[in-house]
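1. Pasting the sequence and the predicted model now:
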Amino acid sequence: MYKSFIFAALFLVYIRVDAEDVPGGYPVNRFGCIYPCYYGPEEKKCQDFCGSLGGGFGYCYFYACYCEHLPESVKQIKKQGLLGCSNGQWVITSTTEKP
C-alpha cells in the first residue's frame with residue numbers, strides 16, 4: 001500500500017514536470033486582451049480557435065483560452081499571471097470610437 005502511494009505521487013510529479021514542457025500561451029487580440037473561456041460549450045470554441053491559429057489543442061485554463069503549440073508569430077501571453085483585459089466577446093465588431 002505504501003509503495004503504491006509513493007509510485008502514484010512520483011507519477012503525478014512526472015506528469016506535472018512534463019506538462020510544463022508543452023509550449024503554448026494565451027492568444028490575445030490586437031488590443032492585448034485575452035479570449036475569455038468558460039468550461040462547457042466555450043471549451044469547444046477555444047479548441048476550434050486554437051486550431052485556426054495554427055496551434056494544437058486548446059482548452060479553458062483559469063477562465064481564459066489557452067492554446068498548446070502556438071506558432072511564435074501569434075501574439076500571445078506565455079505565462080500565467082495578470083492576464084490582459086477581457087472584452088467578454090470572441091469577435092470585436094467595431095473598432096471605431098464614438099464622438
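-> Yep, that arrived. Quantities reported herein were computed from a predicted structural model and do not represent experimental measurements.
2. Show me which helix or strand of this protein is least confident by mean pLDDT.
-> Among the secondary structure pieces of the chain, namely its helices and strands, helix 2-20 has the lowest mean (mean pLDDT, DSSP states H and E), a mean of 51.
3. Now the element after it, going C-ward?
-> Heading C-terminal from helix 2-20, the first helix or strand you meet, by DSSP states H and E, is strand 24-27.
4. Report the contact partners of the closest residue to Glu42 other than its chain neighbours.
-> Nearest non-adjacent residue to Glu42, counting by C-beta to C-beta, 6 or more residues apart in numbering: Cys60, 6.3 Å away. Bear in mind the C-beta positions are built from the backbone N, C-alpha and C, glycine included. Under the criterion of C-beta atoms under 8 Å, 6 or more residues apart in numbering, the contact partners of Cys60 comprise Cys37, Tyr38, Tyr39, Glu42, Glu43, Cys46, Tyr66.
5. hey, what's Cys60 bridged with?
-> Note on Cys60: beta-bridge partners by DSSP bridges are Cys65.
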